[in-house]
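Enquirer: Next one to model:
(one chain, ligands or ions: 1)
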Amino acid sequence: MDDVYEILKKRLGEKKLQNRLIRQVNHSSDIISYEHINIENFSVIFRLGRYLLKAFNSYDSGYRNALDIQINHNQIVLRKLPKEFRNYKILHLSDLHIDGNPLLLQNLADKLQNLDYDICVLTGDFRYRTSGELQPVINSMEELLPYINKGKDGILAVLGNHDFIEIVPLLEELGIEFLINEHKIIYQQKTPLCFVGLDDQHFYRNADINEALPQHHNNLCKILLIHSPEYISQANSKMVDLYLCGHTHGGQICWPDGKPIFMNARAKNIFCRGNWHYEEMKGYTSNGCGCSGMNIRFNCPPEITIHHLIPNNSVD
Ligand SMILES: [Fe+2]
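Expert: Take a look at the predicted model:
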């Protein structure tokens, strides 16, 4: 584990690493932080919920729903997308919470095995709980890897509010590349497309797009990876073209008309599920693959998303 801290210190610098670690200790298990209720840490609510659902014979159907992963193909037209990236395909997985349900890994692998994509992006929340052991997560990600590593441009990831920064070197060793307030440029026929990845803004308030993106990249087409839809106006002011996130699980438990009972984000509900836009910026908030709190879903299926990118001038 010492190695992990040495690697992170070299990458982030001592001060930034120290700040992140202090925030992890202070906020990861708080029920209230920054005047926001962290429902993830409210274990009494989930114990009570489980008890009530079992009493009303609804738990088993919610559990089955949680494993009924949908594959959604989503076409996104981007004004600044270079024509070389026409029909570029992004496999977008979010909120795996991979150690939370022993059946999830195989279920995901079955759904992923025949999919075709250029890059995989993981928008945070690898772990089920907000603290605790990392090794079960690493082991499961290692098993999942062959199913998400088929794109020619590899795998990019960002941290979620359930993830401690110590997970970064361990998953990078497997071939998952993290962007922690950093960017990466992908080329297609020598034409660039810029991916920007930010740290978690929900618990850790540590997203910093100015740190991630140098001024001279302002004119590039930019795709932002971030865990939650809680950084929209800042991203828009930096002329981000596409904002990809998760975190909300689409509500996870919704009324029959799809409206969430509770949405765990400091953002309007229109930004918390599926496609949306904010001025010129397009966005997509994934329902996620896994669950938190309880392994149940109602009227809000888990999803694997493939975004098909289309330049503005080639819409039929
Ligand atoms: Fe999550």
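
Enquirer: From now on I want contacts and neighbour counts done on CA atoms only, so please keep to that.
Expert: OK.

Enquirer: near the ion, which residues of the chain show up?
Expert: With Cα under 5 Å from the ion as the criterion, the chain meets the ion at residues 95, 247.

Enquirer: For the chain, which segments count as helices?
Expert: 2-12, 14-27, 43-55, 59-66, 104-112, 135-148, 167-172, 209-212, 232-237 (DSSP state H).

Enquirer: mind listing what the residue in the stretch 151-300 of the chain that the ion sits nearest to touches?
Expert: Residue of the stretch 151-300 of the chain nearest the ion, by Cα to the ion: residue 247 (4.5 Å). Contacts for residue 247 were tallied using Cα atoms under 8 Å, 6 or more residues apart in numbering; they are 94-95, 124-125, 160, 227-229, 265, 285-288.

Enquirer: Looking at those residues, spot the one nearest residue 80.
Expert: Nearest to residue 80 among the contacts of residue 247 is residue 285, at 20.7 Å by Cα to Cα.

Enquirer: What's the local residue count around the closest one?
Expert: As a burial measure, residue 285 scores 26 neighbours (other Cα atoms under 10 Å).

Enquirer: Please tell me how far it sits from residue 271.
Expert: 7 Å (Cα to Cα, to the nearest Å).

Enquirer: where do the contact lists of those two overlap?
Expert: Joint contacts of residue 285 and residue 271 (Cα under 8 Å, 6+ apart) are residue 229.

Enquirer: hey, which helix or strand in the protein has the poorest pLDDT?
Expert: Each helix and strand of the chain was given a mean pLDDT (mean pLDDT, DSSP states H and E); the minimum falls on strand 32-33 at a mean of 61.

Enquirer: Spit out the contact partners of the single nearest residue of the stretch 1-150 of the chain relative to the ion.
Expert: Closest contact between the stretch 1-150 of the chain and the ion, by Cα to the ion, is at residue 95 (4.3 Å). Residue 95 makes contact with 123-126, 160, 246-247, 249, 288-291 under the criterion Cα under 8 Å, 6+ apart.

Enquirer: Out of those residues, grab the one that's most surrounded.
Expert: Counting neighbours by other Cα under 10 Å, residue 290 comes out on top of those with 33 neighbours.
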